[in-house]
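Student: here's a sequence, model it:
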Amino acid sequence: MRRGCRFLLLMLLLVAPVQARAAAVPDSVVTAGLERTMAAAAAEGFRGAVLVARGENVLLARGYGTTVPGGNSPITAETVFTTGSITKQFTATAILKLETQGKLSVQDKLGRWFDAVPADKSGITLHQLLTHTAGFPGAIGDDRERIGRDAYVQRALATPLLFAPGARYEYSNVGYSLLAAIVEKASGQDYEPFLHDQLFVPAGMHDTGYRLPAWDPARLAHGSNDDGSDWGTTMEHAILPEGPGWNLLGNGGIHSTVFDMLRWHRALAGDAILPAAARAQMITKQVEEGGGTWYGYGWSIEPTDWGTLITHNGGNPYYFADFLRFLDSDVVIYYTTASRERRMRRLARPLARIVFTGEVPALPPSVPAAAASQSTSPVGAPAAPGSLASKWGLPGGPQAQRAAELLEALTTSDAAWRRDFVRTGFVPDVLESQGEDALDQSLVALRDELAEFRVQRVVPTADGLTLVLETPGAPTELEISVEPEPPHRIISIGVQKGG
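Tutor: Residues are numbered from 1 along each chain as shown. Now for the predicted structure:
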């Protein structure tokens with residue numbers, strides 16, 4: 001399971017931030033607003049579960065929809081969903097736990113833990129793996145591949161780096177699977193039993209893991225196919241009875257419930273798992289991600305008008321989870337869904353707005369039914385022969401044309417053409433906040449990560465379109481948000497690895 005919507009560029013939020021009010025909004029007002037928003041989402045097809053708490057008070061905890069698409073069994077707060085790349089914070093915590101036990105250091109180099117480390121990787125530290133600065137690509141295989149630990153480590157060590165270790169940030173599942181291998185070597189336990197014994201049991205989490213909770217299959221939320229039919233569960237596709245392969249283990253795929261994730265939040269607020277110094281280390285701004293956020297160890301750190309937000313999300317085409325922790329006010333939001341609609345994955349932050357202001361925002365607009373095909377508005381009619389959209393197999397329309405320019409920028413050897421696209425293809429706010437050089441470097445990094453690709457399909461969204469690309473290892477989705485009015489410049493680009 002890859003981290004859902006890793007934003008490469010500045011994301012302009014659908015709901016503009018507002019200044020936090022001095023006085024807390026009464027719980028009853030917040031709960032009413034949360035229930036109103038989620039009832040509206042459920043009426044429009046939301047399937048998932050939500051928990052919102054402030055301090056000791058749980059303001060909302062319930063499920064919506066059915067565990068199986070079109071079925072009769074309701075989703076509840078006890079339904080089990082995959083957490084996706086939220087798994088990374090468990091791996092990071094395991095590393096810090098072992099450091100407090102004196103069994104390793106985050107400054108250890110790979111050569112301490114693996115044999116025959118190549119020269120280009122000999123200086124990589126655990127800190128660089130934790131902060132996505134080691135230079136590894138996003139993935140080196142499919143989540144469903146049945147590959148063991150030692151074979152995975154050998155493959156990773158043989159994989160060319162994207163850049164010199166420590167040079168920059170590049171989100172990588174590979175680094176976290178290597179960390180999981182180090183957890184096993186340092187602890188003498190397999191990864192999941194170590195997490196169970198050292199993290200989950202002390203936190204009171206009995207519904208979290210890959211296989212050890214042995215859930216009743218009826219408690220698992222099913223994903224859905226594009227046509228709304230039952231896709232099944234991640235347990236069937238990637239975990240399997242013998243557990244996950246190492247393309248997934250340590251970086252994604254752990255399952256949980258909203259109540260267990262609340263227990264995790266509360267455990268991290270005290271000393272049940274880590275001492276204060278280690279907890280602070282985990283949420284320290286270690287490296288800039290771009291767009292005004294930083295990465296710590298398994299967490300993103302983001303300043304907001306409501307205080308510092310500690311957050312991470314995760315997902316694949318079938319599931320999405322979003323974890324928001326406002327530590328200054330002890331507010332936690334855990335939001336998980338099996339809805340395929342992209343807009344149903346964007347509700348956690350509007351829920352935060354309700355908590356802090358009492359204002360109930362409208363749901364993100366739905367894509368008109370007619371826009372579900374590739375040949376209708378807003379994407380447009382078939383592309384004109386000879387246009388960039390036609391070259392890339394995209395339909396016509398200004399949004400698709402802008403997406404085609406992006407694909408051209410990701411493949412052209414003409415650096416001057418790419419720089420010209422950077423100057424004219426993005427909204428001024430992005431260009432000013434990111435800088436032309438940084439945007440150009442981001443496109444180069446994305447090009448290197450994608451390697452080679454082919455457009456499989458185009459999915460219109462409320463604010464742009466999603467390109468599903470066939471890429472080595474697993475599909476990749478580019479979520480492109482575009483201005484609705486001319487000149488239709490790009491607002492943001494989200495990158496999501498499938499699996």
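
Student: CA only for contacts and neighbour counts going forward, please
Tutor: OK.

Student: in the longest helix seen in the chain, what's buried?
Tutor: As assigned by DSSP state H, the longest helix anywhere in the chain is helix 27-43. Residues of helix 27-43 classed as buried: 27, 30-31, 33-35, 37-38, 41-42 (neighbour count, 16 or more other Cα atoms under 10 Å).

Student: now do stretch 156-163
Tutor: Result for stretch 156-163 [16+ other Cα under 10 Å]: buried residues 156-157, 162-163.

Student: tell me where the stretch 51-200 of the chain has helices.
Tutor: 87-100, 126-130, 149-158, 173-187, 191-195 (DSSP state H, counting those that start in this stretch).

Student: same list, those helices, but as a markdown table with mean pLDDT and distance to R489 please.
Tutor: Converted to a markdown table, those look like this (pLDDT from 0 to 100; distance: least, Cα to Cα, whole Å):
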| stretch | mean pLDDT | distance to R489 |
| --- | --- | --- |
| helix 87-100 | 98 | 34 |
| helix 126-130 | 98 | 34 |
| helix 149-158 | 97 | 38 |
| helix 173-187 | 98 | 31 |
| helix 191-195 | 98 | 45 |
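
Student: go through these and name the closest to G228.
Tutor: helix 87-100 (27.1 Å; Cα to Cα).

Student: and the closest one, how far out from the chain middle?
Tutor: Distance of helix 87-100 from the chain centroid (Cα atoms, centre = their mean, to the nearest Å) equals 18 Å.

Student: how about the CA coordinates for that helix, as CSV?
Tutor: Taking Å, rounded to 0.1, in the frame of the first residue of the first chain, the C-alpha atoms of helix 87-100 are listed here in CSV:
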residue,chain,number,x,y,z
THR,A,87,2.2,1.9,8.7
LYS,A,88,5.5,3.9,8.4
GLN,A,89,4.9,5.5,11.8
PHE,A,90,4.8,2.1,13.4
THR,A,91,8.2,1.2,11.7
ALA,A,92,9.7,4.6,12.8
THR,A,93,8.5,4.0,16.4
ALA,A,94,10.0,0.5,16.4
ILE,A,95,13.3,2.0,15.4
LEU,A,96,13.2,4.6,18.1
LYS,A,97,12.1,1.9,20.6
LEU,A,98,15.2,-0.2,19.7
GLU,A,99,17.3,2.9,20.1
THR,A,100,16.0,3.5,23.6
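
Student: one step back: kindly reformat the helices of the stretch 51-200 of the chain as TSV containing distance to P472.
Tutor: What follows is the helices of the stretch 51-200 of the chain, written out as TSV (distance: least, Cα to Cα, whole Å):
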stretch	distance to P472
helix 87-100	22
helix 126-130	22
helix 149-158	15
helix 173-187	14
helix 191-195	27
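
Student: most tightly packed of those helices?
Tutor: Compared across those, helix 126-130 shows the largest average neighbour count, a mean of 25 (mean count of other Cα atoms under 10 Å).

Student: which outside residues touch that one?
Tutor: With Cα atoms under 8 Å, 6 or more residues apart in numbering as the test, helix 126-130 has contacts from 92, 105-110, 134, 165-166, 175-176, 178-179, 296-298.

Student: same thing but 7 Å
Tutor: By Cα atoms under 7 Å, 6 or more residues apart in numbering, the surrounding residues in contact with helix 126-130 are 92, 106-109, 134, 166, 175-176, 297-298.

Student: kindly report the same for stretch 23-35.
Tutor: Contacts for stretch 23-35 (Cα under 7 Å, 6+ apart): 59-60, 351, 354-358, 360.

Student: closest to H222 out of the residues you listed?
Tutor: Among the contacts of stretch 23-35, L60 lies closest to H222 (Cα to Cα), at 22.5 Å.

Student: for burial, what's the neighbour tally of that closest one?
Tutor: 20 (other Cα atoms under 10 Å).

Student: which strand residues bridge it?
Tutor: As for beta bridges, L60 partners with V52 under DSSP bridges.

Student: surely it is in contact with A49?
Tutor: No: L60 lies out of contact with A49 (Cα atoms under 7 Å); the separation is 9.9 Å.

Student: related to what we said a few turns ago, include distance to S413 when you put the buried residues of helix 27-43 into a markdown table, please.
Tutor: Below are these laid out as a markdown table (distance: Cα to Cα, whole Å):
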| residue | distance to S413 |
| --- | --- |
| D27 | 57 |
| V30 | 53 |
| T31 | 54 |
| G33 | 51 |
| L34 | 50 |
| E35 | 52 |
| T37 | 47 |
| M38 | 47 |
| A41 | 45 |
| A42 | 47 |
